[in-house]
Structures are given as C-alpha cells and as structure tokens.
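A.B. asks: Below are the sequence and a predicted model for it; my questions follow.
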Amino acid sequence: MEYNFREIETKWQKYWLDHKSYQAEDPGTAGTVKPKYYGLSMFPYPSGAGLHVGHPLGYIASDIYARYKKLLGFNVLHPMGYDSFGLPAEQYAIQTGQHPAITTEQNLKRYREQLDKIGFSFDWDREVRTSDPSYYKWTQWIFKQLYNAWYNQTANKAQSIDDLMVIFENEGNADIKAASAPTELFSAAEWKAFSEKEKQAILMNYRLTYLADSWVNWCPALGTVLANDEIKDGVSERGGHPVEQKLMRQWSMRITAYADRLIQDLDAVDWTDSIKDQQRNWIGKSVGASVVFKTEAGEPIEVFTTRPDTIFGVSFMVLAPEHPLVETITTDKFKDAIATYQKQTSLKTERDRQADVKTISGAFTGAYALHPFTGDKIEIWIADYVLAGYGTGAVMAVPCGDQRDYDFAGHFGIEIKNIFKDVDISEQAYTEKDAIITNSDFLTDLPAKKAIKLAVFEIEKRGFGKGQTNFRLRDAVFSRQRYWGEPFPVYYKDGTPYLVADDQLPVTLPEVDKYLPTEDGEPPLARATKDAWNVFEGDRMEYNTMPGWAGSSWYFLRYMDPHNEEAFVSKEKADYWNQVDLYIGGSEHATGHLLYSRFWTKFLFDMGFISFNEPFKKMINQGMILGRSSFVYRDKASGKFVTAEKRHEFETSQLHADIHLVDNDKLDIEAFKKWLPEYKDAEFILSEEGTYTCGHEVEKMSKSKYNVQTPDELVEKFGADTLRCYEMFLGPLEQAKPWDTKGINGVHNFLRKFWRLFHDAENNFEVSDAAPSKEALKTLHKTIKKIQDDLERFSFNTAVSNFMIATNELTEQKCNNRAILSELLILLTPYAPHITEELWSQLGNTESITKATFPTFNPDYLIEAEFAYPVSFNGKMRFTLPLPTEFTKEEVEKAVLANEQTIKYLDGNAPKKMIVVPGRIVNIVI
RNA sequence: GCUCGAGUGGUGGAACUGGUAGACACGCAAGACUUAAAAUCUUGUGUCCAUUAGGACGUGCGGGUUCAAGUCCCGCCUCGAGUACCA
C-alpha cells in the first residue's frame, strides 16, 4: 500500500472523534489517580478570513506537548474554544445588516473545519464560546462579584463590600486603607445618616468595578471608547482610527488595586523576561514622595517626585497646561501669554505632542511657590512636557538631576543649582542615584539613596507631604458603546445602577433594528425595545456592553467545568486542574489579555473561588510566521514585465504577484495572464533560459500582498502530518520566521521514507519479529533520548531533525524490526498522529496509539567500544584517532603520542602541554 | 532615547554545561532509471589556494580570558519587537 495520507487522515480523525480519544478525565473518575497536565493555546477570534499557516503554529506545538504528556501517563486537559465577541463581526453587521451572531457562527464553522483537518487532540466536549449566553452568564456573574467587592490594603486582598459597610457603620471611613477614589471622611454616625443614594455613591468609590466620569480614549470612527492597550501609536489598534480624550460616564475595573501584586507575582511565573518587562513597564511602579509646595497666592501645589533627595536643587515648578490651578495662580500680567500657550497645546493632538519631544516650550505664570524647607521663592511655569494624567500633573523641577528640567532651564535661562558633590553638570544633568548630596542643609554629605530616606522622613515629620508610590497603570475602562459584546447585568433606577439578581442571569443581547448608535449618540443597545430584553428592570437597562477582554479573562477556568450551571467552575475541579501548566500564544497580548487574566485570577483567588493566584504557570510565545511575497517588475517605459535578472537594465516598478502563480521563483506566465484582467495581454522580457524569475521579500502575511498560505491547501497536497512536522521543522517556536513552502517536500519525503520502513519493495506491509540488531537498538535509544530532551526544552524543530536522522539510519540498516518500529511510532505520534496511528494498527494493535506509553531510554545500548578522538594542535583539529572508550587519560595520552600522524604534526617539537578530556578531545600545545 | 531579543553557508536552521562549526532539510550540480517528464535513488556542495595529498581563512565588527570561544568578558555596528516627555 502507498502512503495515502488523505484516506488515513480522514479515517483516524473520525475514529478519534467517535471514541472520544482526547477526553480529559474529571476529578472523581478513575483517570484522576494520574497526575494532571493542563496545556492551553490562546483561543482565537474567528475572523472571516479563516486560518493561515501562521495561526496553527502554536496550536501544533501545544498539541505535540499535550500528546507527549499523555503518553507519559498524565491526565491531560487540552481544550479549545473561541473568543467570539468582537468588532469585525459587528462592522460587517453594520455594513450588511446580518446579525453578528450569524457571521460569527459561519466563521466559527470554518475555523472548526480547518482545525479538524490538522488533527488536533482537543477535547471538543469542553469547547467554550465567549458569545454563548451559557458562557457569558458567568462573565456577568464575575462582574457582579467585582462590583460587590473592595480592596482592603491592610489585608492586601479583595473583600466583600458587606464587610466594608460594617466598618462604615462601626467607625466611619477614617481608618480604612483601601484602593479607592478620593472620598471625604465621615464618621459612623454620619454614615448612618446618609441617604441610600449617598451611601451608594460613596460605595462606588470603593467597588472593584465602578461607574465614574473618567477621561477615556474615544474613537469616533469606531463609535466607542478604547482601553489603553487597544491603542497603538495614538491610533486605534483595530483600523488605525484617530482617538481623542473625552470625559464620559463609564464602567471601570480597579486593576490599580492589584498593581503591586501584579508586579511582585511575576517572579513566580515562568514567562519570558520580555513579557515580564513589558508588564512591569506598563504598570510602571515608582517609589517616591508627594510634597506640597505653598504658593504666594495661597493655593498649595502638590507634586510627586522620585527624588526627594534633590529637593534643595529645585529651581522652578512646572504645571501641566491643563492643571486646574493654572487659572487661579496666574498673575494678570501673564494671563495672555498663558492663555496663548494653553491654546497652542490644546490644538496639538495627543500624537503630535508625543512625537514632538525635541521642541522645548512653556510659559511663566508670574506666580511663585515657596520652598518648604528654605522658604525661597520659586517660579511657577507651565509646559507640555508635564502630563496632566500622571502623578499630580505638577513637578518640582530639579535641573541638575533631570534632563528635561535641565533642557527647560537652559532654554529659558533659569538658574541650575548643583547639589551633587564632585559632579560636573555643565553639559548635562546627572540622573544616576549614586552621587553624594551637597549644598542641601540636613542632606549634605549623604549618598543619594540614604538622602532619599531621610528626606521622606523629614518631609513627613514637618508635614510637607508623605512617602508615596505611584503607578503608571490606570484603571481599565470596561464599557464599550458597541452591540456585539456581553450585556452588563445592570439596570438603572433614578439614575442609580443596580445589579440584576443571580437567578435572572444571563441578561442576553436584545435584538435591535440597526447596529449603530441612536440619534442621541446612545450605544446600539439603546435601540432595543423593552420587550426585546429578556430581563428588564428599573427605568432602563445598561446600554454599554463589555470589552473584548471580559470573556477572555477567565475562559481557561471554564474549560475545567464547561457545562456547570451552578457555578462558573466548581471548586473541586478548579482545585484539581489548577493552573495552566503550559500556555502558548502570541506576545502581543502582554499588556492586555495577560494582565487582565492575572487580575481576575487574583480577585477570584482573594474571594476564595479558586485556590491559585496566577493563571498561567509557564508560557511560551510563538513567533510570527511571515509571508514570502513574490514580485514581478514592470518596465515603466514599455509596460513589459522584466525578469528579475534583467530588471536593473530598466527602470521598473515592483508589483506583488500571487505566490500561487510562482514555483521556486519561476512565474507561471500563462496563469499570471489569467490572474487579473489587467495582465491579460502582458508581455515579458525573459531570462536567458526563457523563464521569468520573480523577486521575493519577507513581509507579514496579508491578502493585499497575495502571500497568504492557508493550511487547507497544504493539508490537501501533503497531508496534516506533513504540515504539522513542517511547521515545527521551520525553526525555533519562539522565533519569527519566513514561511517558505519549498522545504515542505523534504518533510513529506521523510514521512514517506518512514512509511517505507514498514513496507517491502512492492509496498506490502512487512515487519520482522526477529531480535533487533545492536545498531537498530542504538539508533532507537539515541532517538528516545534526543526526542525527550528536545521536548523537555520545547525544541520542536530539532526533534523533527532527529526523527529524520533515525529514519535515515534505519533505512540504511534495512531495519524493519517490529520491536524497534513500535517504539519509534510512539515517539513520533505526537508530531504525526495519523500515520503513526495507521501503522500502529497495521502492526496488529487493537487499541489506539494515543493510549500507548512513552518508551524508556536505556543508556546501555549507547555504550561504544571506541571513540574517535579529535586530535588538535594548538586548538586546531588535525585528525581523529579511534581509541577504546575505557582508556584512561594517561593511556589516551600515550596512544596519541605514539601515533605517526602526531609525530608528523609535532615535526620534531616537544609538546609543551597536553590536554586530554576522556571521551571528548585531545589538544596538544607546541 | 530606554527595555528585551537576534546576527552562523545560496536558504531555513543545528551545535545541551566552552571541547571535531555548518547536524537535518531546502536549493543547486553531476549521474542512474525513463522515449520523455514527474517521482525515486546515488554522489558532491562554507570560501579561497592546490591535479591530488593537503593548506589557509571562516559564526556582524574590534579587543580580551582560555590549552581550546559561535558559546564567557569588555567596547561597538546592524536588524527585529515593545515602549516613549512617567517627574
């Protein structure tokens, strides 16, 4: 029989499905005496374009590892699902009127077909879809838990809001340390006297998800607000539309409450330094002090500084142009100049302001602050290098210790005091924290680090301010003015929000006539009639929907218990499956999904619903697969297409050609003519051989570059096993690499060669039951060791090479030994599950190879009688000399020195030194 | 600018703790089978010199440590990713 991959793959895919071969066993069943292993791939958003070859890369790696763990005797959870709420389906709905649920369903079906063809070991009975009401019921439920919780900084954990109310009733809020919005102090008696509405407003300041007027990133083109991580380079990540700042009443998540733990617990996870760094920078912790400067005008200015040790170096103050105090402190004489400057900055977009870092600008207010320690008068300026949104929107400028302050002072001719001993600041500021402080009263002669501590102590003692830690991380806006997302379990009565009761959940998406905002600018859900809602209470329901990251922040928990109607996950199952052992996905989610998931996990942990506080124990980020675009060159003068070899003889423009028209850089001219109508009569200037050679470049895969390769076409042509092996063979998983179909033949040949090990010259299945040869055993055990080592360090590419080597060696040995080949099949099955399953059954096995046990490595088979020592002279390898492996250092030395080649290379010189590493190398120094 | 990662043949890439650089595969070349093509098989393939034997040079660049450096240390260059006036 020939290697008929199409038949084999269909056959076994059906078998696995029918036999539920990949079912994970839940706690309480027999399977759970085995250790558990939870391997997860980031679930996809099912887009209309379907999968291209880049998408399955991570899934394949994750699948191989999951299958490997199963062979090692683990109870494996390896699920897949869909992040099925999202903008593209809704944009499509706006254009065509087709309900996003229908679009999503269609895309999802296509994804499933594509995934099925690749032969993944997913337990499809556990599939989750974030847009499914039975799923988002629990997303709404978690939202409710967050609403009913506050963050107790003393206990350093989230607690029920009921506990907080008890404290308010007993002692007011004076002694509460909580992550909260600024709240007026009140006593127990005052609390009791507040109206219900007042009480609710105060509680809103403490809740972990809260409704507040906040400055948000409004994207007019998308008609919605966006979170910070959804904006790249000042424009929306999706679509690249401009974004502006707008004050809106929005739901937010108090992720800032967890800022410190989100940084600290990074030490406990096995992720790349790059992702950890990105998260650390995004959270942006800075330790320093908040200091209050009195002003002549009376109104004090609060600043935040990380260098309280440099407080005697302050030579001016800078407020953000938007700072509220600017109006009150500016003197009449400078009113016009300040107004002009404010206007000037307000006209700049956020993007311009960021882009133009070089130009120094600012304006003097005419007002003066007073130095808290010296009482000196300090000029107060405004400048756009101070941002309203960070810290207090005001800085104490220390030119000698901060480059921006230094440049500003230089530009406006402001005095630069030097408070660093023996440091030259004539050229630039000195920003290191290792100088000795001088000219600074009680801080003089202290090293900076000690001075910081003392300065904070003195500032607090004299009541000028306090030590403080600031974070760059902002609370995450949680409302979206869109249709295709989770509705909130919230209704309004007299303008106050209330939660929908648990037994009424989920609040499902109501039907609407159009997927656009209303005339008054309300979100699409405002179009729904009262009857269209399955739950309607109060005056109205919440019109916003949740953002894309809501559903993806906890989906890994739902896989553990996907059909539970009583809880988002049972405690028992969450305890058993616990953390995701290996998470594979793209690094682009560093500051979005990966941060939000950690936040929700910590919250659910605090509230006692789960017993672990980090979701993903180990993570690998697969690199992007880039496309290899092909180009044709059109002569600008004649319009003829010039072959790549001759293109420099003409002035040409470079145009993309569909990669499907090109084989090995040679263009199929006839197909090219038929490809696009405009090329129907194309003429060509060919190479000497009469062919047309295309140019190529590595670019991102995209439709417009005609360089998209879908897995389907490759599966059709070579089979899923070839595709799986080839994607792995391409290079290290984490590395970005260009896709090139050229090499796929080699991998396909390897599988055919592997198939032939089991067949005779006439392609009849034939294996021998004789005792295996020594050589074959050596090849097998060498391979077992390599494959296992490679898998343990996630080196999938080298494993494929090692399979090739083993196959080549066994072919050479003409080995068709049952014992050897059986074990080799088990080794290979994670990579090529179909062909191995087929051969396994042909060997007479009645049970699936997925139930087999990974072979055990036996080093005895690798023991050699001789080792070919590489003999080097002064580090240069000259020849190899086979010597018995049991030879000692001295014996090797003796044998090498007696060798005639050694004598030749010594050329009469006496060796100065001789290094012998037994079993490794000999080096002679002359 | 800062942070992280990476630079090895014509190409993708290998080389675990310093120990035979270029495994494996693609591509290319020659040959076998074939009327021919495809498929398959065999051989060769880092560069340069040499008919051979052999030799010199080679892991982005410049130094260093070492018997020995792709691997370790110092200084640079280039590319990629992230981030950007964060006080």
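C.D. replies: Yep, it's here.
A.B. asks: mind giving me the domain ranges of chain A?
C.D. replies: A:38-48+A:80-148+A:207-282+A:482-623, A:285-471, A:625-699, A:724-861, A:864-925 (automatic domain parsing).
A.B. asks: is the third one up against RNA strand B anywhere?
C.D. replies: Yes. In this structure, domain A:625-699 sits against RNA strand B according to CB under 7 Å from any atom of the strand; the contacting residues are A:Asn664. Using the backbone N, CA and C atoms, a C-beta is placed for each residue, glycine as well.
A.B. asks: Over to that domain now: how far is its first residue from its last?
C.D. replies: Distance between the two ends of domain A:625-699: 9 Å, counting by CA to CA, to the nearest Å.
A.B. asks: What of the longest one?
C.D. replies: Using CA to CA, one end of domain A:38-48+A:80-148+A:207-282+A:482-623 lies 22 Å from the other.
A.B. asks: do it and RNA strand B meet?
C.D. replies: Yes. Domain A:38-48+A:80-148+A:207-282+A:482-623 reaches RNA strand B (CB under 7 Å from any atom of the strand) through A:229, A:232, A:272-274, A:277-278, A:281-282, A:587-588, A:590-591.
A.B. asks: For that domain, what is the distance to the chain centroid?
C.D. replies: Relative to the chain's own centre, domain A:38-48+A:80-148+A:207-282+A:482-623 is displaced by 16 Å; criterion: CA atoms, centre = their mean, to the nearest Å.
A.B. asks: If you average the pLDDT over that domain, what comes out?
C.D. replies: Averaged over domain A:38-48+A:80-148+A:207-282+A:482-623, pLDDT sits at 92.
A.B. asks: can the strand or helix carrying A:Ile60 be found next to RNA strand B?
C.D. replies: Counting by DSSP states H and E, the element that carries A:Ile60 is helix A:56-71. No. Contact between helix A:56-71 and RNA strand B is absent, the nearest approach being 12.5 Å (criterion: CB under 7 Å from any atom of the strand).
A.B. asks: Skip the chain neighbours and tell me the closest residue to A:Ile921.
C.D. replies: Spatial nearest neighbour of A:Ile921, chain neighbours left out: A:Pro870 (5.6 Å); criterion: CB to CB, 6 or more residues apart in numbering.
A.B. asks: can you tell me how far the one you found sits from A:Leu881?
C.D. replies: Distance of A:Pro870 to A:Leu881, computed by CB to CB, to the nearest Å: 8 Å.
A.B. asks: Report all helices and strands that the host helix or strand of A:Trp282 contacts.
C.D. replies: Here A:Trp282 sits within helix A:273-283, counting by DSSP H and E. Counting contacts by 3 or more CB pairs under 8 Å, 6 or more residues apart in numbering; DSSP states H and E, helix A:273-283 is packed against helix A:259-264, helix A:593-606, strand A:619-621.
A.B. asks: In the stretch 451-600 of chain A, which residue sits nearest RNA strand B?
C.D. replies: Residue nearest to RNA strand B within the stretch 451-600 of chain A: A:Arg472 (3.7 Å; CB to the nearest atom of the strand).
A.B. asks: these two touch, right, that residue and A:Phe304?
C.D. replies: No. If you go by CB atoms under 8 Å, A:Arg472 and A:Phe304 don't touch, sitting 11.7 Å apart.
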